[in-house]
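Enquirer: Quick one, fold the following:
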Amino acid sequence: MKKWLLGLCVSVIAMVLLSACNSEKANDKAAADSGDGYEATTIRLAYNLPQDHHVSIGIEDFAKKVTEKSDGKVKVQVYPAGQLLSDKDMNQSILAGGVEMGVNSSTLWASTVPAMGIFDVPYVFNDYSAVGEAVNGEFGDKLRGAMEEKGAKVLMFADYGYVQFANNKRPLKSPEDFKGLKIRSIGDLPSELIQAYGASPVFMGGGEVYMALQRDTVDGATSGTTAMLQRKYDEVTKYLTINNYAYLEFLLAVNKDYWDGLPQKTQDLLTEVAAETETWIREQAEKEDSTSAKALEEKGMEVYVVPQDELDVWKDAAAPVRDVFVKNAGDLGQELLDLVDEK
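Expert: Numbering: from 1, shown residues only. Down below sits the predicted model:
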């Protein structure tokens, strides 16, 4: 009788323990599904673009979704529109760990990874879809690898759109019309192009351009029409030339050491949301380029669209820039050009 009672007690205890274990597993799964299970962390994310730019809207949404999907455990704290860092200071801060995550142009990253200048090589990308195919294939993998070697992980390629020229002196209907002008540049290869067209490049950050144009420190500037509209170029320039000479990318980059120290679960969340956001931003780029150019015209700018049959003149004048890129970027630069030319 005692043995029977002892066996019954053991069975009951085993069932209770098993039930508790199963309950704990169920609670763990429910917690994970609800966003629990993430290690609490705060990620600082800085960018310099105006907050109503489509890239900025995408980045803000990325931060919001990461925070929401982790139930607030993984907080992405955003510092917009140059509040924390200028575009000129961004890259060094990311590499040094001064900020965990930041958004900056491929043009400015080219000073660290010369091959990133591929997006500034004139007339490399002929349409919007070609860029998406490139960055999501071998082309993009090579760039991501080069960035990681320098200490930054590329989490997202954010399509800014095509880059154009605005000025307040005269219509730019051919490369010869650039002669004698001072044009704000956004980086090394755009400066080479401006020189190839006969003008003098003046490098400055995006937030400085309006005042420089207003004070005639420069005669014109190169930028995307989206930023031109948001930075009110129509108030300080008269002429807009659309020649789609370069397709600018902005990179959402993370300090590599910081990334490597994040739990796999957090890395997976950031990667997933970044991929969703990248797709949305790419879809907006073409729409925004078109609508912003029309808006600048409606605000009084004289818009000249280079006819397709005249582009060869612009391309021929820009040919030296391609050679400068290969010289700076070496074998990797040539590999990237070959990959694009094959398409």
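Enquirer: Any stretches of the stretch 1-150 of the chain with poor pLDDT?
Expert: Across the stretch 1-150 of the chain, residues meeting the criterion (pLDDT under 70) sit at 1-36.
Enquirer: Now do the strands in it.
Expert: Per DSSP state E, counting those that start in this stretch, the stretch 1-150 of the chain has strands spanning 41-46, 74-79, 101-105. These are given in chain order.
Enquirer: which stretch among those strands comes nearest residue 269?
Expert: Taking C-beta to C-beta, strand 74-79 is the member of these nearest to residue 269, at 6.5 Å. (Glycine included, C-beta is placed from N, CA and C.)
Enquirer: partners of the closest one, with directions?
Expert: According to DSSP bridges, strand 74-79 has the following sheet partners: strand 41-46 (parallel).
Enquirer: so how far is the partner strand from its chain's centroid?
Expert: A distance of 17 Å separates the centroid of the chain from that of strand 41-46, by C-alpha atoms, centre = their mean, to the nearest Å.
Enquirer: list the contacts for the closest residue to residue 117 other than its chain neighbours?
Expert: The shortest distance from residue 117 to any non-neighbouring residue, by C-beta to C-beta, 6 or more residues apart in numbering, is to residue 110 (3.7 Å). Contact analysis of residue 110 by C-beta atoms under 8 Å, 6 or more residues apart in numbering lists 116, 117, 120, 187, 188, 189, 328.
Enquirer: change it to 7 Å
Expert: For residue 110, the contacting residues are 116, 117, 120, 187, 188, 189, by C-beta atoms under 7 Å, 6 or more residues apart in numbering.
Enquirer: how about the fourth one, what does it touch?
Expert: Meaning residue 187. If you count contacts by C-beta under 7 Å, 6+ apart, residue 187 has them with 107, 108, 110, 120.
Enquirer: Straight-line length of stretch 159-177, end to end?
Expert: Start-to-end span of stretch 159-177 (C-alpha to C-alpha, to the nearest Å) is 29 Å.
Enquirer: Now that stretch: buried residues?
Expert: Going by neighbour count (16 or more other C-beta atoms under 10 Å), the buried part of stretch 159-177 is 159-169, 172, 175, 177.
Enquirer: now swap in stretch 61-73 and tell me
Expert: Buried residues in stretch 61-73, defined by neighbour count with 16+ other C-beta under 10 Å: 62, 63, 65, 66, 67, 69, 70, 73.
Enquirer: Thanks again, I'm all set now.
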